Every structure is written in structure tokens, then in C-alpha cells.
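Asker: give me a 3D structure for the following:
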Amino acid sequence: MQITETKKKSFLSGLTGQIIVAMVLGAILGIILHNSISPEAAQSFSNKIKMLATIFIRLVQMIISPLVFTTLVVGIAKLGDIKTVGRIGGKALGWFFTASFISLLIGLFYVNILEPGVGLKLDHVDMAAASEVTAKTKTLSVENFVEHIVPKSIFEAMATNEILQIVIFSIFFGLAAASLGSTVKPVINALDKTSHIVLKMVNYVMNFAPIGVFGAIAGVFAIRDAEELVITYFKFFGSFLIGIATLWVVLIAVGYIFLKGRMTELLRRITGPLAIAFGTTSSEAVFPKLTEELESFGVKDKIVSFMLPLGYSFNLDGSMMYMTFASIFIAQFYKVHLDLGTQMAMLLVLMLTSKGIAGVPRASLVVVAATCGMFDIPIEGIALILPIDHFCDMFRSATNVLGNALATSVVGQWENNKEDGIEEALSEN
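Answerer: Modelled structure (predicted):
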């Protein structure tokens, strides 16, 4: 009995336990206020309480740029040459595109099998609410894709937290530093020390995570009638959850194939980041904490600093699954027939267009709206999923975190095995 109480105490005093408590309290407060005050007052309360989540996310965002730059430059300098960077980058992109393709296929499969949009009756859909999202679809183009890859200014990229642009600059900077040899060691050492300072800041910022999660959850439940949403979107949300659950099963199974018993330890370590992403609907909010946990898991810092920033641009598995699911759901609602060939073409379009929208708010919805426009599906149909999107975003954000943690851990293990093999060969000679 004493041991059980100790475990309970340690769980509730830890970050994950505090976040779960904050989510429950936030939901209770939001539901109570939704049922006891006017809609106008609830909206006002929601706007104010969500500031807690905004503050937390902004605290995280302020350390993402320096963390990505310092850790990635140091990591590449430690990797040593362009051949090693190319090898790891090739493995990373191979994993990312394979995982993205599987995620899209899962969404495609379940939306066709379960048909959540067929025969659905939605009254009082606010089409005007979709204008904010549809207005951004003009930014989804080849030109925009290039802009999101190649920075015109590292300072602008850091100011706007364009992770992919920071990655590109850091790769060039790191390779240049590695080519200069010992003469730049003071610079690399300084950046290494800076990265440790930033990681220490992560510990301070994470203390605000439960408060941010509380504000996010309370704000949503104060203005959303949870019971009405469940009834109205039961088939859509239920089908989506089946798809996400399948994706989790696939990811975890793949993890056990490559990591064996260590996968259990990885899941234990990323429970906190998963809870934060779920509560705040932001996978970006856990980037610094995830970096710390993966290094503690045993992945070398040079691998984490290289893999994770790339993953946040190229490996958003939960979002990918949602994109095909939501796009075809809208087509089903409007009775737009899409044959298998057209759906596969849509899948390939999503594979490409989704890679250039890092840093765009509600990025998944922007891609869905743009894809609908390309395939003659009413673009205003994005309004159909806006009421339930926040709750879908909770699950897809957590899935994104799981996918990136797994990809980084597996590639890290491959590199460890390769280095061990080289050392063994050298010792034999």
C-alpha cells in the first residue's frame, strides 16, 4: 500500500501527471461555464483564458530558433563531413517519405471504407468561419515551397521560426565549420555551451506547461457544446480516431521491430511531450523537451539535432493521415465522386504540397483547402470540419510527436550500429 501511494505521488508531482490534472480541471471549468453563462460571456472568457496557452507556446517558440541553430551546427560539425551528413540525411528522408505515404494511405483507406461524409446532415454551418483558412491557400504553390526551403535571411527565418529555413542555413554553416578544422573549435565550443544553456531554459519553460494546457482546454470547452459536437460529428470523429489508432499501432509495431524492448522505454520517456502536444494542439511546443528526452534515451546529440528539425518539416504523420481523410470527407459530403486514380493523384499532391507549409497556423487545414480546390471540391467545405478540428488536432499533434521520436530513435540506432561495426573492424585490423 505504501509503495502504491509513493507511485501515485511521484506521478502526480511529475510533469505528465500535472498536465493530465490540468486537462481534466480545464475541461470541467469550461463545461461548467458553457452551461451557466451567456455565449458572449463564454467567448470573452475563452479569449482570455487561452492567453495562458498562448504565453506558454510563445515561451517555447522563443527558444526553438537558437536551439535548432546551435544544436544542428554543433551536430554537423561533430559528424565531420558532407558524406556523413548525406548518408544520415538520406536515411531520414527515406523514412519520412515512407511514413508519410503510409499515413496518407491509412487516411485514404478508412475514409473510403467508413464513408463518414456520406448522408451527413449538417445544419447552420458557418461558411464565413472558413475564410481565414481559405485565404491562405494562395500561399500554397511551387514558389511558396521554394521560399519555405531557401531562406533569404537567417534573421528573418529565426524571427518567424521557419524551422526548415533555419535547418538549411545551419547545414551550410556546420559543413563550412567542419571543413575549416581545428581553427573554428572555439566557435563550435561556444555554440555547444550555448545549446546547453538553451536546454536548461527548457526546464524552466516546461514548468508553465500545465498552466498552458489548462488554459487551452478550458477555452475550448467554454465555447463548444461537447455533447452536441459528439452527436453531430460522431461518425466523422469516430472514423478519424479509428484511423489514428491504426497509425499508432503501425508506428509502435515498427518501433518494436527496430528498437526491440527499448521501445517501451522510449514510450515512457515521451509521455510528457505527448501530453503537452495533446493538450496544446501544438507539436512545435514540445520540440525542446523532446530533444532533451531523446538525448536522455541514448540518441546521440548530433543525430537528434539533425533529425528532429527535419522531422518537424517532413514527418508529420498525424497531419498527413488527417489530410486525405478530411479532403475526401468533404468530397463525400458534396457528393463529388473521386475514382481511385484521382484519389491516388490527390495522395501524391499531398505528399509534395504538405512539405512546404511549416510555420503556417492551421497548416493541415490550409493544405486540405488547397487540395480541395485542385480537385474541384468546394473549398468552402473546410467550414464543415472547423467545429471539430481542435479535437482532431489534439490527436494528430500527439501522433506527430510519436512519429518524430520514433524516426529519430531508429536512425540514431542505425548510426550507432554502423559506428560500432567500424570500430570493431578497426580493432580487428
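
Asker: looks like Leu15 contacts Gly272 (just checking).
Answerer: Yes. Shown here, Leu15 and Gly272 form a contact pair, counting by CB atoms under 8 Å, at 4.6 Å. C-beta here means a position set from N, CA and C on the backbone, and glycine is covered the same way.

Asker: which one's more surrounded, these two?
Answerer: Legend: neighbour count by other CB atoms under 10 Å for Leu15 and Gly272, higher for Gly272 (22 against 17).

Asker: what's the pLDDT at Gly272?
Answerer: Note on Gly272: pLDDT of 90.

Asker: any idea how far Leu386 is from it?
Answerer: From Gly272 across to Leu386, the span is 29 Å (CB to CB, to the nearest Å).

Asker: which neighbours do Leu15 and Gly272 share?
Answerer: When contacts are counted by CB atoms under 8 Å, 6 or more residues apart in numbering, Leu15 and Gly272 are jointly contacted by Met206.

Asker: now the element after the worst-scoring helix or strand of the chain on mean pLDDT, going C-ward?
Answerer: Least confident helix or strand of the chain, by mean pLDDT, DSSP states H and E, is helix 2-13 with a mean of 44. Toward the C-terminus, helix 2-13 is succeeded by helix 15-36 as the next helix or strand (DSSP states H and E).

Asker: give me the buried positions along that next one.
Answerer: 15-20, 22-23, 26-27, 29-31, 33-34 (16 or more other CB atoms under 10 Å).

Asker: right, and the helix or strand after the strand or helix carrying Gly318?
Answerer: Following DSSP H and E, one finds Gly318 within helix 317-333. Per DSSP H and E, the first helix or strand lying C-terminal to helix 317-333 is helix 340-353.

Asker: okay, the angle between that next one and helix 317-333?
Answerer: Orientation check (axes from the mean of the first three to the mean of the last three CA atoms, to 10 degrees): helix 340-353 against helix 317-333 gives 140 degrees.

Asker: would you mind listing the buried residues in the next helix or strand after helix 340-353?
Answerer: Next in sequence after helix 340-353, counting helices and strands by DSSP H and E, comes helix 363-374. Buried positions in helix 363-374, judged by neighbour count with 16+ other CB under 10 Å: 363-372, 374.

Asker: in CSV: those residues, plus pLDDT.
Answerer: Shown next, in CSV, are those (pLDDT from 0 to 100):
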residue, pLDDT
Ala363, 69
Ser364, 77
Leu365, 80
Val366, 77
Val367, 80
Val368, 85
Ala369, 82
Ala370, 79
Thr371, 83
Cys372, 85
Met374, 82
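
Asker: just give me the closest of those residues to Asp192.
Answerer: Distance to Asp192 across these (CB to CB) is lowest for Ala363, with 32.0 Å.

Asker: low-confidence ranges in the stretch 1-150 of the chain?
Answerer: The stretch 1-150 of the chain contains residues with pLDDT under 70 at 1-13, 80-81, 122-148.

Asker: ok, now with 50
Answerer: 1-12 (pLDDT under 50).

Asker: rewinding a little: quick check, nearest of the buried residues of helix 363-374 to Arg224?
Answerer: Arg224 has its nearest neighbour among the buried residues of helix 363-374 in Leu365, at 16.9 Å by CB to CB.

Asker: pretty sure the closest one sits against Ile388.
Answerer: No. Between Leu365 and Ile388 there is no contact under CB under 8 Å: 11.7 Å.

Asker: helices or strands up against the helix holding Gly318?
Answerer: The contact analysis (3 or more CB pairs under 8 Å, 6 or more residues apart in numbering; DSSP states H and E) places helix 317-333 against helix 82-114, helix 234-259, helix 340-353, helix 363-374, helix 386-428.

Asker: between helix 386-428 and the shortest one, find me the angle.
Answerer: Spelled out, that is helix 363-374. Going by the same axes, to 10 degrees, helix 363-374 makes 110 degrees with helix 386-428.

Asker: do the same with the second one
Answerer: Our comparison of helix 234-259 with helix 386-428, counting by the same axes, to 10 degrees, yields an angle of 10 degrees.

Asker: buried set for helix 234-259?
Answerer: Quick answer for helix 234-259 (16+ other CB under 10 Å): 235-237, 239-240, 243-244, 246-248, 251-252, 254-255, 259.
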